[in-house]
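**Q** A predicted structure for the sequence below; I have some questions about it.
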Amino acid sequence: GQSLEQPSEVTAVEGAIVQINCTYQTSGFYGLSWYQQHDGGAPTFLSYNALDGLEETGRFSSFLSRSDSYGYLLLQELQMKDSASYFCSRKAGTALIFGKGTTLSVSS
Amino acid sequence: SAVISQKPSRDICQRGTSLTIQCQVDSQVTMMFWYRQQPGQSLTLIATANQGSEATYESGFVIDKFPISRPNLTFSTLTVSNMSPEDSSIYLCSGTRVDSYNEQFFGPGTRLTVL
């Protein structure tokens, strides 16, 4: 299979660090992407990991371990505007398969 | 980034009718896709829109129910046919750029309610 598993909800306070994990099945795996979607908005691309290791983009970082079939999105210095749904995804041919999404709620 | 627009942004339709959703992308987009997203749920791929030929449908989606056209590189339509309340969902058009294969850009979505 090609499914992805991620937690349904995460809560945190402003200024904190939160990690959203994603595990996947290895069949036909090329790389792991992360998307952010605010309520009522379109998904927007955050990051893509094809190789093991950490990719850093500002406050957001993404990590991949192929040997563990596991990745995570790390959000630092959380802000209220980071409250959104976060989806891990993987390629299925040229399109994407998405995990069920993790709803992040950031409180003051 | 890529510019992707959709219309209508939302519609309320009666059971048994059909609705055609239009998607316009900028010239940098090569691949085009259609997704469905139930409120509060994940995105499910309906099909890949192929220019000048039949779309490639995912398991569980058929051409008679979701006919798709892509007459040129920058335009595609998705029709939701013979609608039922179960078709109430957000329908999203997306694309990849020729120079950013691993990143998909999404349109704003069409929120469909079927009564």
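**A** Looks like it arrived, so ask away.
**Q** near chain A, which residues of chain B show up?
**A** B:31, B:33, B:41-45, B:48, B:92, B:96, B:102-109 (CB under 8 Å from any CB of the partner chain). From N, CA and C alone the C-beta is placed, and that goes for glycine too.
**Q** again, only this time at 6 Å
**A** Contact residues, chain B versus chain A (CB under 6 Å from any CB of the partner chain): B:31, B:33, B:42-43, B:45, B:48, B:102-103, B:106, B:108-109.
**Q** Derive a PyMOL selection command for the buried subset of the residues you listed.
**A** Here is the PyMOL command that picks out the buried ones among those, judged by 16 or more other CB atoms under 10 Å in any protein chain shown:
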select buried, chain B and resi 31+33+42+43+45+48+103+106+108+109
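**Q** Let me know the pLDDT of residue A:95.
**A** pLDDT recorded at residue A:95 is 83.
**Q** That one contacts residue B:33, correct?
**A** Yes - here residue A:95 lies in contact with residue B:33, judged by CB atoms under 6 Å, at a distance of 5.1 Å.
**Q** just to revisit the earlier point, just the ones of the residues of chain B next to chain A in strands?
**A** B:31, B:33, B:43, B:45, B:48, B:102-103, B:106 (DSSP state E).
**Q** In JSON lines: the residues you listed, plus pLDDT.
**A** Below are those laid out as JSON lines (pLDDT from 0 to 100):
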{"residue": "B:31", "pLDDT": "90"}
{"residue": "B:33", "pLDDT": "95"}
{"residue": "B:43", "pLDDT": "95"}
{"residue": "B:45", "pLDDT": "94"}
{"residue": "B:48", "pLDDT": "95"}
{"residue": "B:102", "pLDDT": "83"}
{"residue": "B:103", "pLDDT": "89"}
{"residue": "B:106", "pLDDT": "95"}
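**Q** Nearest to residue A:4 among the residues you listed?
**A** residue B:43 (11.8 Å; CB to CB).
**Q** pretty sure the closest one contacts residue B:35?
**A** Yes - with contact defined as CB under 6 Å, residue B:43 reaches residue B:35; the gap is 4.5 Å.
**Q** Output the longest strand belonging to chain A.
**A** strand A:84-92.
**Q** Pull up the pairing partners for that strand, direction included.
**A** strand A:32-37 (antiparallel), strand A:95-98 (antiparallel), strand A:102-107 (antiparallel) (DSSP bridges).
**Q** With just CA atoms, put the shortest one into PDB.
**A** Listed next in PDB are the C-alpha coordinates belonging to strand A:95-98 (Å, rounded to 0.1, in the frame of the first residue of the first chain):
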ATOM      1  CA  ALA A  95      -0.100  13.000  -8.500                       C
ATOM      2  CA  LEU A  96      -0.200  12.900  -4.700                       C
ATOM      3  CA  ILE A  97      -1.600  10.800  -1.900                       C
ATOM      4  CA  PHE A  98      -2.300  12.700   1.300                       C
END
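**Q** gap between it and the chain center?
**A** 13 Å (CA atoms, centre = their mean, to the nearest Å).
**Q** Report the buried residues of it.
**A** A:95-98.
**Q** cool, and stretch A:101-108?
**A** Here stretch A:101-108 shows A:101-104, A:106 as buried, counting by 16+ other CB under 10 Å.
**Q** Please list the residues outside it that contact it.
**A** A:6-7, A:9-14, A:20, A:78, A:80, A:82-83, A:85-87, B:42 (CB atoms under 6 Å, 6 or more residues apart in numbering or on different chains).
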